[in-house]
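*Asks:* Next come a sequence and a model predicted from it.
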Amino acid sequence: MKIIKTTLTFWCFLLLISAAVFAEDNRGYNFGDQKPVAEYFAESLARMAQTENRDDAKNGRGDWQRYCFQLGAPNRQAEKNLAVKLMTEALLDDANANAHFWLIRQLGRLGNASCVPAIAKFLDSDDRLIRDQAVWALANIPCQEAINALRDQLNREGDGARKIALQNALDYHQKREPVKFRSLDEIVRVLEGSDKNAWDEALPQLAWLPNLKVADVPNYQERIARLAPEMQILLMDALASAKDRSAQPLAFYLIKQYAPLPKDENENEKSEDEKTRLEEQRKAREAVQLAGFRALGPLGDSQSAVNVLVENIQNSDNTRRANCVSLAKLNYNDTDQHLTDAARREENDDTRYRILDAIAERRSTNFIPLFEEFISHKDRGARSVSVSALERINDARAIPALTNRFIQETEDNGIKERAGHAIVNISVRVDDEDGRGEVLCRVAGGQNDAGKAEMLPIIGRVGGKLAKDFVLNALKSGSEEVRDAALKALCNWPDAEVADELYGFARQGDDKARQAARAYIRVITLRAEGRSAEEYVALFEKAMGVAKTAEDRQLLLTRVESGRSMEVFRFAAKYLDDSELQQAACRAIVDMANDSPFHGRYREEINQVLDKVYNVTNDNSHKERIQRYKERK
């Protein structure tokens, strides 16, 4: 009995932890959420399948894998099915050969019977890695079709090692293959009995039941209420995963029935054993109630779900997290309006903040007016979450409200800085040709001199043709305060579009020259597509001419690796005899030599310079790297 209870508790614990981890993990990711699945897959596939840029292909695989992890969530079944369909179709196209291995890998995690034939054709592949990946995928796809494909291949396979791999895959699949239960009612009947071994056999089958419906269980609420708490949790989570909205009353029942126990006035006088028992009882009740709260996210179909989640959002840390996740997941007609009304009528600042935080996770443009309203609220939490929410919604319509918050925020609480980041992040997602910075410049143009001075450095971080015209006009006709801010804008520029203007300031002898010189060094040492080696060297020579201090010249040398070429290598090497710049030159040379094809192409000349670096550098890591480079074949 104790062993069985421990096992059930362990399952329950794993479910709770996995639900919490999934919710927290996915708050930080936004892969594809702003695009339809098909569009995001097309972009990822183009990157995975191309052979020109291995780093981009690798990043494409990583992005699609993280997105597939998200699609494994219980509330994204439709998107998951579409992703499986798209990956299956891509497997049938030889033009995607470079991505086949990675598509099979993800289908092994998300796939179903529909993708089995496409994967099975790779069981005969001459590529061992792809062949092994196909075997692994079929071993992990829970359906009879996968078993049949593995058996068919085993029956005709002549290679001994491959036969062993296929048999191992079948054995593994067989261990995972569930006992077939025809309905949830059968499982509940087993759980109502006293056979603990049968419990252990039945509970894992919840995830395998097709079309899981609580309607299969006559008098389900009364019967489930009599089950042990661990079983109630597992059943509620399974129904939520299946998105059986008819189970919403059961979620409400568990929330009410397992409300936290009130504190006993005489509890301090109880024995330690009694206190321990009460604490365990409270934890068990909270676990069941949390299952109800979690279920309302995918199952809630009315305003009552919003009301229950909001009313209990502050019960405990665990409850708050579960309720925020469920509020973010709710999906029924008028959900957004009911959440908006709940936020506006809430009088408690902390509770309102939690509601707004949950709403922010929905990333819906429907909430722009709500966050524009609360971005100026007296409560710091409401202002903070509103700034973050508008950034995640990523719509240029939010820039005016963010700009006003940026200018008006005077407290040292990080909100001003975050508003600035939000303005930039929204603006830079617009292509230059589509008018990047247009809204921002229009808003800044309506400000007084103090407001313009606040906004100009932000405009500089956005960059683009419209922003450049706005900044240059401020330099010509603005007040001294505005002109100073316009120079900061040029120094903040994200690319070399304003290099000539910065060079002009850097050549002057006033206090602003060094600021401009350092900004000039930064922008010309950014990688620029189409810039020749001769052009890089010419820019670096000009930067050396306007650098005001040895520190600035050292900064330049540590950044010239961006223009890696033999001409730039020689440019850095000529400073090995300069006592002030010697160590910075060593770093630049060692960094450039790290590129194997570049080193191999000019091995003799580069090795001569590396020998000199080895003798003058004071960085032992440089010496170790030089030795490795010279040992390359």
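*Replies:* Nice, I can see it.
*Asks:* contacting residues around stretch 201-215?
*Replies:* The contact list for stretch 201-215, computed with CB atoms under 8 Å, 6 or more residues apart in numbering, reads 8, 11, 142, 178-181, 183-184, 186-187, 190-191, 220, 231, 234-235, 238-239, 241-242, 244, 246-247, 250. Heads up, the C-betas are built off the backbone N, CA and C, glycines and all.
*Asks:* Rounded mean pLDDT for that stretch, please.
*Replies:* Confidence over stretch 201-215 (mean pLDDT, whole number) is 76.
*Asks:* Okay, buried residues for that stretch please.
*Replies:* A202, L203, Q205, L206, L209, L212, K213, V214 (16 or more other CB atoms under 10 Å).
*Asks:* And for stretch 94-107?
*Replies:* Per 16+ other CB under 10 Å, stretch 94-107 contains these buried residues: N96, A99, H100, F101, W102, L103, I104, R105, Q106, L107.
*Asks:* The fifth one contacts K58, correct?
*Replies:* In this case it means W102. No: applying CB atoms under 8 Å, one finds W102 not in contact with K58, separated by 9.8 Å.
*Asks:* Go through the chain and flag its longest helix.
*Replies:* Determined from DSSP state H, the single longest helix within the chain is helix 272-299.
*Asks:* going on from it, what's the next piece of helix or strand?
*Replies:* Next helix or strand after helix 272-299 toward the C-terminus (DSSP states H and E): helix 303-311.
*Asks:* what's the nearest residue to T549 if we skip its chain neighbours?
*Replies:* R514 (7.2 Å; CB to CB, 6 or more residues apart in numbering).
*Asks:* Pull the contacting residues for that neighbour.
*Replies:* Contact analysis of R514 by CB under 8 Å, 6+ apart lists A506, K548, T549, D552.
*Asks:* please redo it, this time with the cut-off set to 10 Å
*Replies:* F505, A506, V546, A547, K548, T549, E551, D552 (CB atoms under 10 Å, 6 or more residues apart in numbering).
*Asks:* before we move on, what about R553?
*Replies:* Contacts of R553 by CB under 10 Å, 6+ apart are A517, I521, A543, M544, A547, Y575, D578, E580, L581, A584, A585.
*Asks:* If we use 7 Å, what do you get?
*Replies:* M544, A547, L581 (CB atoms under 7 Å, 6 or more residues apart in numbering).
*Asks:* Put the alpha carbons of stretch 60-70 into CSV.
*Replies:* Extracted in CSV, the C-alpha atoms of stretch 60-70 (Å, rounded to 0.1, in the frame of the first residue of the first chain):
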residue,chain,number,x,y,z
GLY,A,60,17.2,27.3,-38.2
ARG,A,61,17.2,23.7,-36.8
GLY,A,62,17.5,25.0,-33.3
ASP,A,63,14.6,27.5,-33.7
TRP,A,64,12.3,24.9,-35.3
GLN,A,65,13.2,22.4,-32.5
ARG,A,66,12.3,24.9,-29.8
TYR,A,67,9.1,25.7,-31.6
CYS,A,68,8.2,22.0,-31.8
PHE,A,69,8.7,21.8,-28.1
GLN,A,70,6.1,24.4,-27.7
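*Asks:* Check the offset of that stretch from the chain's centre.
*Replies:* The chain centre lies 9 Å from the centre of stretch 60-70; the measure is CA atoms, centre = their mean, to the nearest Å.
*Asks:* cool, and stretch 354-366?
*Replies:* Distance, centroid of stretch 354-366 to centroid of chain: 17 Å (CA atoms, centre = their mean).
*Asks:* With E186 as the reference, measure out to T276.
*Replies:* As for T276, its distance to E186 is 37 Å (criterion: CB to CB, to the nearest Å).
*Asks:* Look at these two and report which has more neighbours.
*Replies:* Remark: of T276 and E186, E186 carries more neighbours, 16 against 11, as counted by other CB atoms under 10 Å.
*Asks:* Skipping adjacent residues, who's closest to that one in space?
*Replies:* E186 sits nearest to A202 (CB to CB, 6+ apart), 7.9 Å away.
*Asks:* For the one helix or strand that neighbour maps to, buried residues please.
*Replies:* Assigned by DSSP H and E, A202 belongs to helix 196-202. Within helix 196-202, the residues that qualify as buried are W199, A202, counting by 16+ other CB under 10 Å.
*Asks:* ok, back up a step: which of the contacts of R514 are buried?
*Replies:* For the contacts of R514, a burial check counting by 16+ other CB under 10 Å picks out F505, A506, V546, A547, D552.
*Asks:* Which pLDDT does the model give the second one?
*Replies:* Read it as A506. In the predicted model, A506 carries a pLDDT score of 93.
*Asks:* hang on, isn't it packed against A517?
*Replies:* Yes: taking CB atoms under 7 Å as the definition, A506 is a contact partner of A517 at 3.9 Å.
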